[in-house]
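Undergrad: quick one: sequence plus predicted model below, questions after.
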Amino acid sequence: MTYQPRENALRLVLGPEPRPAARTVEGTGILDLGEQGRLLGLEISAPPGLDLRQAFCPWQERTGFPEWLSLGTASAYLRLVPEPLAQASRQARSVSVRLAMELDEQGTLLAVILPRRGEGYELSSPSGST
């Protein structure tokens, strides 16, 4: 995860070697925050015209079904911390978030961009929020 100061956003790259994005799709999701604002996970809602199964297909082909991904027909959940840490969080909360998804020419999801500020939250760093 990196900070983009110009956009005032966090960029979560899904692969080890970033590739250039062919297009960006705007969408919505639900950001899960734990104690002291720790980022626990992100649910991405499928925007019109984007097949999330297709967007995540290469990740499944490379590694089998990754443990950090739960994929449904209308949404995908990215687990950002191990499950025991997420379950141990006593003050977890969820907030709606607008996001952008960067895709390559084949429609593979490369990165998710989250605004640092939104209604009901402000992320102070990749590891926490206020």
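TA: Thanks, I have it. Residues are numbered from 1 along each chain as shown.
Undergrad: contacts, neighbours, all on C-alpha from now
TA: Fine.
Undergrad: buried sites along stretch 103-111?
TA: Of all the residues in stretch 103-111, those buried under the rule 16 or more other C-alpha atoms under 10 Å are 103-104, 107-111.
Undergrad: export those residues to CSV and tack on distance to R53, pLDDT and secondary structure?
TA: Shown next, in CSV, are the buried residues of stretch 103-111 (distance: C-alpha to C-alpha, whole Å; pLDDT from 0 to 100; DSSP: H, G, I helix; E, B strand; the rest coil):
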residue, distance to R53, pLDDT, secondary structure
L103, 13, 91, strand
D104, 15, 90, coil
G107, 10, 88, coil
T108, 9, 87, coil
L109, 10, 89, strand
L110, 14, 90, strand
A111, 15, 90, strand
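Undergrad: now, the most widely separated pair of these?
TA: G107 and A111 (11.6 Å; C-alpha to C-alpha).
Undergrad: ok so, going back, between the buried residues of stretch 103-111, which is nearest L12?
TA: When the buried residues of stretch 103-111 are compared for distance to L12 (C-alpha to C-alpha), A111 wins out at 5.4 Å.
Undergrad: tell me where the model's unsure across the protein.
TA: For the chain, the stretches with pLDDT under 70 are 16-18, 36-37, 59-65, 82-91, 124-130.
Undergrad: how about the helices in it?
TA: Applying DSSP state H to the chain gives helices spanning 52-63, 83-88.
Undergrad: now stretch 112-119, how far from the centre of its chain.
TA: 10 Å (C-alpha atoms, centre = their mean, to the nearest Å).
Undergrad: give me the number of residues near P58?
TA: P58 has 15 neighbours, counted by other C-alpha atoms under 10 Å.
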